[in-house]
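Q: I need the structure of the sequence given here:
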Amino acid sequence: MIDVDGVTCRYGDGPRDGAEVTAVDDVSLAISDGEFLVIAGANGSGKTTLVRTFNGLSTPYSGAVAVNGTRVEDDLVAARTAIGMVFQDPRDQLVAATVGADVAFGPENLGLSHDEIDRRVAAALDAVNMTGREDDRIASLSGGERERVAIAGALAMEPDHLVLDEPFTGLDEPARRSVVERLRALHRGGTSVVVVTHDLRDVLGMADRVVGLADGRIAVDDAPEAALATLPKLNVRVPEGARGDGAVDS
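A: So this is what the prediction gives:
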């Protein structure tokens with residue numbers, strides 16, 4: 001479980017010169033094991049900053065985040081093992097020259113045996129339909145393939161929670177479908193999935209709950225159908241046929 005308790009994140013040179021900006025403003029949120037949560041909002045609403053507090057990539061100005069009952073600052077390794085993070089641009093997390101080496105990077109840093117690393121890499125690549133491509137060079141991959149490798153790298157850590165920041169940006173339609181099906185399968189298998197997005201077209205049907213952010217605060221936290229009435233006001237794109245009364249046309 002991920003527990004966010006009164007988290008505020010501020011950036012800038014400090015309050016004394018008036019340059020400080022509040023990116024996340026007193027947010028409390030609980031994400032249950034196995035839940036599929038969508039965190040939606042316009043650019044600059046605080047979505048990315050919020051999820052980066054889940055594993056200590058951003059440190060709150062105030063408040064606290066706990067993962068599986070342990071405060072993040074008390075055990076960063078445990079938080080980063082429990083939460084797999086996929087960034088908006090996969091280039092921000094691809095660290096090796098080949099697909100296999102990149103997916104193996106995280107498990108290697110856990111000090112696992114070679115056999116266990118090989119097992120995790122094979123399972124993760126199979127999960128994103130890239131079996132047998134361990135020797136492919138990262139530089140030769142398409143944007144969609146790089147996104148899938150980034151997801152595989154997160155899956156190889158066998159996290160309790162998978163957090164993806166705008167995972168569909170720049171993907172063509174086949175790649176989008178592949179990522180959607182993989183997220184659907186992970187959710188069915190019991191992994192918590194958190195998707196950060198400004199566009200709900202690919203994920204609304206999978207979501208258990210939608211949290212909408214505006215100016216760093218929670219503007220809506222509800223079931224997808226109920227949240228639809230508010231989301232367009234937050235500059236969030238909803239699927240065609242979704243109506244402001246929370247219904248979806250057939």
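Q: how far away is Gly111 from Val77?
A: Remark: distance between Gly111 and Val77 (Cβ to Cβ, to the nearest Å) = 11 Å. (Each C-beta comes from the backbone N, C-alpha and C, glycine too.)
Q: Surely Leu162 touches Ala82?
A: No: in this structure Leu162 lies outside contact range of Ala82 using Cβ atoms under 8 Å: 10.4 Å.
Q: give the contact list for Phe105.
A: Val95, Ala96, Gly153 (Cβ atoms under 8 Å, 6 or more residues apart in numbering).
Q: Show me which positions of stretch 27-34 end up buried.
A: The neighbour-count check on stretch 27-34 (16 or more other Cβ atoms under 10 Å) flags Val27, Leu29, Ile31, Gly34 as buried.
Q: Restricting to C-alpha, output it in PDB.
A: Only the C-alpha atoms of stretch 27-34 are listed here, as PDB (Å, rounded to 0.1, in the frame of the first residue of the first chain):
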ATOM      1  CA  VAL A  27      -2.200  16.100  -0.700                       C
ATOM      2  CA  SER A  28      -3.400  13.000   1.200                       C
ATOM      3  CA  LEU A  29      -4.000   9.800  -0.800                       C
ATOM      4  CA  ALA A  30      -4.100   6.000  -0.100                       C
ATOM      5  CA  ILE A  31      -3.400   3.500  -3.000                       C
ATOM      6  CA  SER A  32      -4.500   0.000  -2.100                       C
ATOM      7  CA  ASP A  33      -2.700  -3.200  -3.100                       C
ATOM      8  CA  GLY A  34      -3.900  -4.300  -6.500                       C
END
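Q: Now do it: distance to the chain's middle.
A: Computed by Cα atoms, centre = their mean, to the nearest Å, the chain-centroid distance of stretch 27-34 equals 13 Å.
Q: Rounded mean pLDDT for the longest helix that the chain contains, please.
A: Looking across the chain with DSSP state H, the single longest helix is helix 173-188. For helix 173-188, mean pLDDT is 83.
Q: between whichever helix or strand comes after it and helix 173-188, what angle do the directions make?
A: Using DSSP states H and E, the helix or strand that follows helix 173-188 in sequence is strand 192-197. Counting by axes from the mean of the first three to the mean of the last three Cα atoms, to 10 degrees, strand 192-197 lies at 150 degrees to helix 173-188.
Q: Looking at Gly111 and Val77 now, which is surrounded by more residues?
A: A count of neighbours by other Cβ atoms under 10 Å puts Val77 above the other of Gly111 and Val77, at 11 against 8.
Q: Helix or strand for the more buried one, just tell me which one.
A: Per DSSP H and E: helix 76-82 holds Val77.
Q: Contacts for that helix, please.
A: Phe54, Asn55, Gly56, Val67, Asn68, Thr70, Val72, Leu110, Met157, Pro159, Asp160, His161.
Q: Of all pairs in those residues, which one is the farthest apart?
A: Phe54 and Leu110 (18.6 Å; Cβ to Cβ).
Q: Out of those two, name the residue with the larger neighbour count.
A: Taking other Cβ under 10 Å, Phe54 and Leu110 do not tie; Phe54 has more neighbours (26 against 15).
Q: A helix includes the more buried one, no?
A: No: counting by DSSP: H, G, I helix; E, B strand; the rest coil, Phe54 falls outside a helix, being coil.
Q: Now do the same contact list for it.
A: So Phe54 contacts Ile2, Val4, Val65, Val67, Val72, Ala79, Ile83, Met85, His161, Val163, Val194 (Cβ under 8 Å, 6+ apart).
Q: switch the cut-off to 6 Å
A: Ile2, Ile83 (Cβ atoms under 6 Å, 6 or more residues apart in numbering).
Q: State the distance from it to Leu162.
A: 11 Å.
Q: try Arg217
A: From Arg217 to Leu162 the distance is 25 Å (Cβ to Cβ).
Q: These two: which has the busier surroundings?
A: For Arg217 versus Leu162, neighbours defined as other Cβ under 10 Å are more numerous around Leu162 (24 against 15).
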